[in-house]
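S.K.: Fold the following for me, if possible:
(one chain, ligands or ions: 1)
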Amino acid sequence: MTLNVDDILAPMKETRRKGDNLTLEWRLRQLDAMHLMITEKREDFIHALHKDLGKERTESIYSEILLVELEIKRFKKELRQWMKPKRVSYPGAIFPCVCEVQSVPLSDPCLIISPFNYPVGISLLPAVGSLGGGNPCVLKPSELCPTVSKVFAKMVPLYFDKGAFQVVEGGVDETTALLQHHYGLIHFTGSERVGRIVQSAAAKTLSPTVLELGGKTPTIITEDCPDDMNVVCHRLLGGKLLNAGQTCVAPDFVFCHRSKVDSFCKAAISTIEELFELKEGEKNKTSEFPSIVTENHAERLENMIKEAESKGGEIVYGGSKLCNKSCRYIPPTIVLNPDKDSVMMKEEIFGPVIPVIPFDTDDEAITNIHEIIPGIPLALYVFSKSKERYEYFMSKIPSASAMRNEAILQFVIPDFPFGGLGLSGLGSYQGKQSFDTFTHERTSLYHPCHALFEYGNLRYHPHTGTKGK
Ligand code: NAD
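M.R.: Numbers count the residues shown, from 1 in each chain. Prediction:
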């Protein structure tokens, strides 16, 4: 069945034509509907996340549902204030004036295209921004999480009017059809490859875009890293193994000072076994460890590990012999010294594979990291006791975000705008930044019309301020 996008957009354009979306009440109604949906249907979402990604209950709540709830709460609390016109100053020559800037909805309904890895969170977080900004929107969830996609398709019409929020299920064909139309904003999260496709399509309709893309995030364990390697490994691997490594800001590879390699590997193994109750040699995943999204994705990761093994990388933990692609299980795998030309050192890993590369000096690590990363990564993680050392790495390795002694906390800091830079993305969102992204700053000026204010006015020809005197 061909998708009739005009029919989908018509009720949303009608909402805009009537101006309902301009009001605070309309926006709060949508946010309440969203909150009700994720509260009343929470179990449906949790079940779907388990089916599609093997996510266990608490991970689904903490890494997806709770973040959406917090975002809704923030919008509901601040929206009235954010929507108020703000007075700005003006040149004395046009005294007396009232100059204001007000954030208003964008030019058309918005389109949200989401990826498979956080299929609930990354679908609904931008939707909060869109609806809070007064923009009806269409969500196109990932076809790789068919159960979550179906839950959206079933639940959204129960909670939202067609003039506010709709879901279009499907893959390439459906997205291509949607992209033929003009939007107030296309919010795309996914791979760099598809980001380029979306950006080209958007150029044809002159639709603005936000692109949240991926990349290889470097992590550095420095010579003066904090003494408790167990805590270091909990922070680093807790982040890396969340959602089995299928996280855009997951530490992709680890540069480890040579003096710390042994203690890092030892603590990493005990952390993995403690966090997931995995036992070395087990071929099946525990119920705690998430699945890789499809068999094909699992096969890609298995091949990546096999290649590293065949090219002399030392398997410190896990390895290809434990992979079980028909169960979509890839074990946490630590590879020491992988060949620098292997796939795991060239492509975004997006799985529970941790390459560890020893280094001797900070500058050597910096040079090698530049060789590995083609663009600017989403994040840079440095484990160091020294603020100066962290700042040195930050000054030498550009990144969209950075953390010292932590990993992947970007989404839990409400005032952190989330977004990439260069090849890792374009534009940002989350909290107030989302409101700004999904609105336009409309300017308004009022000048009392009185002859008194015209005398000696420099603005008129011949700009000498003498006419009219
Ligand atoms: P993807 O690019 O394959 O797919 C994303 C969306 O695009 C899906 O909805 C899909 O249906 C659609 N799509 C796929 N091919 C298309 C085409 N040819 N034309 C039009 N639409 C198409 O991404 P994915 O595999 O679902 O997600 C993983 C990627 O997303 C990783 O690179 C990851 O780093 C990135 N990501 C980035 C962020 C971020 O916030 N920066 C967050 C999550 C994921």
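S.K.: mind checking how far stretch 222-232 is from the chain centre?
M.R.: Relative to the centre of its chain, stretch 222-232 is centred 28 Å away, using Cα atoms, centre = their mean, to the nearest Å.
S.K.: now do stretch 293-305
M.R.: Relative to its chain's centre, stretch 293-305 lies at 23 Å (Cα atoms, centre = their mean).
S.K.: Please identify the buried residues of it?
M.R.: Of the residues in stretch 293-305, 293, 297-302, 304-305 count as buried by neighbour count, 16 or more other Cβ atoms under 10 Å. The way it works is simple: take the backbone N, C-alpha and C, and place the C-beta from them, glycine included.
S.K.: next one: stretch 412-426
M.R.: Here stretch 412-426 shows 417-426 as buried, counting by 16+ other Cβ under 10 Å.
S.K.: now do stretch 238-249
M.R.: Going by 16+ other Cβ under 10 Å, stretch 238-249 has these buried residues: 239-249.
S.K.: which bits of the stretch 151-300 of the chain sit near the ligand?
M.R.: Residues of the stretch 151-300 of the chain lying near the ligand by Cβ under 6 Å from any ligand atom: 171-172, 175-176, 189-191, 194, 197, 212-214, 248.
S.K.: Swap in 5 Å and give it another go.
M.R.: 171-172, 175, 189-191, 194, 197, 212, 214, 248 (Cβ under 5 Å from any ligand atom).
S.K.: ok, which stretches of the stretch 351-469 of the chain are strands?
M.R.: Here the stretch 351-469 of the chain has its strands, by DSSP state E, counting those that start in this stretch, at 353-359, 380-383, 402-404, 418-419, 425-426, 428-429, 439-446.
S.K.: Of the ones you listed, flag the one that's most buried.
M.R.: Greatest average neighbour count among the strands of the stretch 351-469 of the chain goes to strand 380-383 (a mean of 27), per mean count of other Cβ atoms under 10 Å.
S.K.: Just the mean pLDDT for that one, thanks.
M.R.: In this model, strand 380-383 has an average pLDDT of 98.
S.K.: pLDDT below threshold where in this protein?
M.R.: 1, 278-287, 467-469 (pLDDT under 70).
S.K.: Would you mind measuring from P218 to the ligand?
M.R.: Separation of P218 from the ligand (Cβ to the nearest ligand atom, to the nearest Å) stands at 14 Å.
S.K.: Could you give the secondary structure assignment for that residue?
M.R.: strand (DSSP: H, G, I helix; E, B strand; the rest coil).
S.K.: In helices, which of the buried residues of stretch 238-249 fall?
M.R.: 239-241 (DSSP state H).
S.K.: Just give me the closest of those to V151.
M.R.: L241 (25.4 Å; Cβ to Cβ).
S.K.: and the gap between the residue of the chain found nearest the ligand and D108?
M.R.: Closest residue of the chain to the ligand, Cβ to the nearest ligand atom: G214 (2.2 Å). Noted for G214: a distance of 28 Å to D108, by Cβ to Cβ, to the nearest Å.
S.K.: Contact residues of the stretch 301-450 of the chain facing the ligand?
M.R.: Counting by Cβ under 5 Å from any ligand atom, no residue of the stretch 301-450 of the chain sits close to the ligand.
S.K.: again, only using 6 Å
M.R.: Residues of the stretch 301-450 of the chain lying near the ligand (Cβ under 6 Å from any ligand atom): 348, 350, 378, 420, 425.
S.K.: do the same with the stretch 1-150 of the chain
M.R.: 113-117, 122, 140, 142-144.
S.K.: Pick the one among these closest to V231.
M.R.: Nearest member of those to V231, counting by Cβ to Cβ, is N117, at 26.2 Å.
S.K.: For that closest one, which non-adjacent residue is closest in space?
M.R.: Computed as Cβ to Cβ, 6 or more residues apart in numbering, the closest residue to N117 that is not its neighbour in sequence is Q246, at 4.3 Å.
S.K.: who's in contact with the one you found?
M.R.: 53, 116-117, 290, 292-293, 350-351 (Cβ atoms under 8 Å, 6 or more residues apart in numbering).
S.K.: Cross those residues against helices and list the overlap.
M.R.: If you go by DSSP H, these have L53 in helices.
S.K.: could the contacts of Q246 be laid out in TSV, adding distance to I369?
M.R.: Formatted as TSV, the contacts of Q246 follow (distance: Cβ to Cβ, whole Å):
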residue	distance to I369
L53	30
F116	28
N117	24
P290	28
I292	26
V293	28
F350	19
G351	20
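S.K.: circling back: can you list the buried residues of stretch 293-305 in CSV and add secondary structure?
M.R.: Shown next, in CSV, are the buried residues of stretch 293-305 (three-state DSSP):
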residue, secondary structure
V293, coil
H297, helix
A298, helix
E299, helix
R300, helix
L301, helix
E302, helix
M304, helix
I305, helix
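S.K.: Phi and psi next, for the nearest residue to H257 once chain neighbours are set aside.
M.R.: Closest residue in space to H257, ignoring its immediate chain neighbours: E223 at 4.3 Å, by Cβ to Cβ, 6+ apart. Dihedral pair for E223: phi -60, psi -30, per degrees, to the nearest 10.
S.K.: so R80 is in which element?
M.R.: Assigned by DSSP states H and E, R80 belongs to helix 66-83.
S.K.: can you pull the buried residues of that helix?
M.R.: Buried, per 16+ other Cβ under 10 Å, within helix 66-83: 67-72, 74-76, 79, 82-83.
S.K.: So which of the residues you listed is the closest to D228?
M.R.: The closest of the buried residues of helix 66-83, once distances to D228 are taken by Cβ to Cβ, is L67, at 28.2 Å.
S.K.: my guess is that closest one meets V412, correct?
M.R.: Yes. Using Cβ atoms under 8 Å, L67 is in contact with V412, at 7.4 Å.
S.K.: In three-state terms, how would F253 be classified?
M.R.: Per three-state DSSP, F253 ends up strand.
S.K.: so the nearest residue to it once chain neighbours are set aside bridges to which residues?
M.R.: Nearest non-adjacent residue to F253, counting by Cβ to Cβ, 6+ apart: P355, 4.5 Å away. Note on P355: beta-bridge partners V335, judged by DSSP bridges.
S.K.: give me every residue that touches P355.
M.R.: 253-254, 308, 313, 335, 338, 344-345, 349.
S.K.: now do A202
M.R.: Counted by Cβ under 8 Å, 6+ apart, A202 has contacts 179, 183, 186, 208-209.
S.K.: Are we agreed that it is in a helix?
M.R.: Yes. Counting by three-state DSSP, A202 falls inside a helix.
S.K.: quick one on the thing from earlier: may I ask which two of the contacts of P355 are separated the most?
M.R.: Farthest-apart pair in these is V254 and A308; separation 14.0 Å (Cβ to Cβ).
S.K.: sorry, back to before: pull the contacting residues for the residue of the chain closest to the ligand.
M.R.: Neighbours of G214 in contact, by Cβ under 8 Å, 6+ apart: 190-192, 248, 348, 350, 378, 424.
S.K.: Mark which of these are part of strands, please.
M.R.: Applying DSSP state E to the contacts of G214, no entry is found in strands.
S.K.: Apply the buried test to the residues you listed and list what passes.
M.R.: 190-192, 248, 348, 350, 378, 424.
S.K.: Check whether T247 really touches A407, as I assumed.
M.R.: No. Counting by Cβ under 8 Å, T247 stays clear of A407, with 9.8 Å between them.
S.K.: Many thanks, have a good one.
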